[in-house]
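model this:
(chains A, B, C and D)
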There are 2 protein chains.
Amino acid sequence: MHEDCKAETALEILIGKWKPVILYHLFSNGTMRFSELHKAIPDITKKMLTSQLRELEYHDIVHRKIYPEIPPKVEYSITEYGQRLTPLLQTMGDWGSAHERHLKELYGEDRPAEPLNLKKETTAVQ
Amino acid sequence: MHEDCKAETALEILIGKWKPVILYHLFSNGTMRFSELHKAIPDITKKMLTSQLRELEYHDIVHRKIYPEIPPKVEYSITEYGQRLTPLLQTMGDWGSAHERHLKELYGEDRPAEPLNLKKETTAVQ
DNA sequence: CCGTATCCAAGTCGATACTG
DNA sequence: CAGTATCGACTTGGATACGG
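Numbering: from 1, shown residues only, chains lettered A, B, ... in the order given. Reported below is the predicted structural model:
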């Protein structure tokens, strides 16, 4: 962490392959059960869903309400504090959309999937 | 990538352990040579500095100007398009600062470094 | 239903040495 | 000076099976 650069703090909290989608669903739908989230994001494993939710919970962005029943029932929602993420997510989303258009202008429709010189060439095939 | 969630696009571009610091220095200082950046961020390796700069260059955020001299001289700067990142970085920075204060309120000064239940416990010792 | 535990593959990053 | 090349440690995420 580099003291002066608080933008890193924001990144650290939002990164994690699934956090943005999870937040997207919770912001859109309000309260959701674990299984509902899982249905909404079919490709995530339960392990990942759990861990990402726990991290968001630690940061007071997501609230976890446990109903002591059998079978268990757990509901997730955005905390009141978590609502303050809205402008940030909005700004990120806007920039992201604009940037996709910009890349299209730069490289054309068939943009060559990140020719990042130093990364592996994924050896074509498949 | 999940179509509806363009915030992911922004994350994808900004992540990379060093990109925020690099941008911070380039935004603050204007044009910088490779070696100046390296001095400003001593812990980064040349490999990492190069790769992060190349990714930013691909996204038209950073411009790379090569002087065909011996010894070589390369200057990096934020492109005009790259300036559009300013509001995003600002918003991220603001949220990051506010969030650090919030965590302090929640967990006190000696906040217990992310008790993320599912991550390894680094087996104490050392 | 809502998770954990375990194991493994892939990716990321750092250290180091070398080059035009 | 400004990189590349190579290797290995560490981290992250996915598959699968099991538990309260």
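
okay, and the helix or strand of chain A with the least pLDDT?
One helix or strand of chain A scores below all others by mean pLDDT, DSSP states H and E: helix A:7-14, with a mean of 86.

got a list of contacts for that helix?
By C-beta atoms under 8 Å, 6 or more residues apart in numbering or on different chains, the residues outside helix A:7-14 that reach it are A:1-2, A:19-20, A:55, A:59, A:61, A:88, A:92, B:7, B:11, B:14-15, B:20-21, B:24, B:89, B:92-93, B:95-97, B:99-100. Just so you know, the C-beta spots here come from the backbone N, C-alpha and C atoms, and that holds for glycine as well.

Repeat the analysis, applying 7 Å as the threshold.
Applying C-beta atoms under 7 Å, 6 or more residues apart in numbering or on different chains, the contact partners of helix A:7-14 are A:1-2, A:20, A:59, A:88, B:11, B:14-15, B:20, B:89, B:92-93, B:95-96, B:99-100.

buried subset of those residues?
Neighbour counting over the contacts of helix A:7-14 (16 or more other C-beta atoms under 10 Å in any protein chain shown) leaves A:20, A:59, A:88, B:11, B:14, B:20, B:89, B:92-93, B:95-96, B:99 as the buried ones.

Widest-spaced pair of those?
Pairwise distances across those peak at 20.2 Å for A:H59 and B:L89 (criterion: C-beta to C-beta).

What count of nearby residues applies to the residue in chain A that DNA strand C sits nearest to?
Per C-beta to the nearest atom of the strand, A:S35 is where chain A lies closest to DNA strand C, at 2.9 Å. For A:S35, the count of nearby residues is 12 (other C-beta atoms under 10 Å in any protein chain shown).

wait, is it part of a helix?
Yes - residue state for A:S35 (DSSP: H, G, I helix; E, B strand; the rest coil) corresponds to a helix.

For the spatially most central residue of chain A, what is the enclosing helix or strand?
Centroid-nearest residue in chain A: A:P20, 1.6 Å away (criterion: C-alpha atoms, centre = their mean). Element membership for A:P20, per DSSP states H and E: helix A:19-29.

ok, back up a step: with only the CA atoms kept, save the least confident helix or strand of chain A in CSV.
Output in CSV follows, covering the C-alpha atoms of helix A:7-14 (Å, rounded to 0.1, in the frame of the first residue of the first chain):
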residue,chain,number,x,y,z
ALA,A,7,-7.5,4.7,-4.8
GLU,A,8,-5.8,1.5,-4.0
THR,A,9,-8.0,1.0,-1.0
ALA,A,10,-11.0,1.1,-3.2
LEU,A,11,-9.5,-1.4,-5.6
GLU,A,12,-8.5,-3.8,-2.8
ILE,A,13,-12.1,-4.0,-1.6
LEU,A,14,-13.8,-4.3,-5.0
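
near DNA strand C at all, it?
No - judged by C-beta under 7 Å from any atom of the strand, helix A:7-14 and DNA strand C are separated, with a smallest distance of 10.7 Å.

Name the nearest residue to A:T91, ignoring sequence neighbours.
In space, and not counting its chain neighbours, A:T91 is closest to B:T91: 4.5 Å by C-beta to C-beta, 6 or more residues apart in numbering or on different chains.

Next, work out how far apart that neighbour and B:K46 are.
The spacing between B:T91 and B:K46, counted by C-beta to C-beta, to the nearest Å, is 32 Å.

out of those two, which sits in the busier spot?
Here B:T91 and B:K46 are compared on neighbour count by other C-beta under 10 Å; more neighbours surround B:T91, at 19 against 10.
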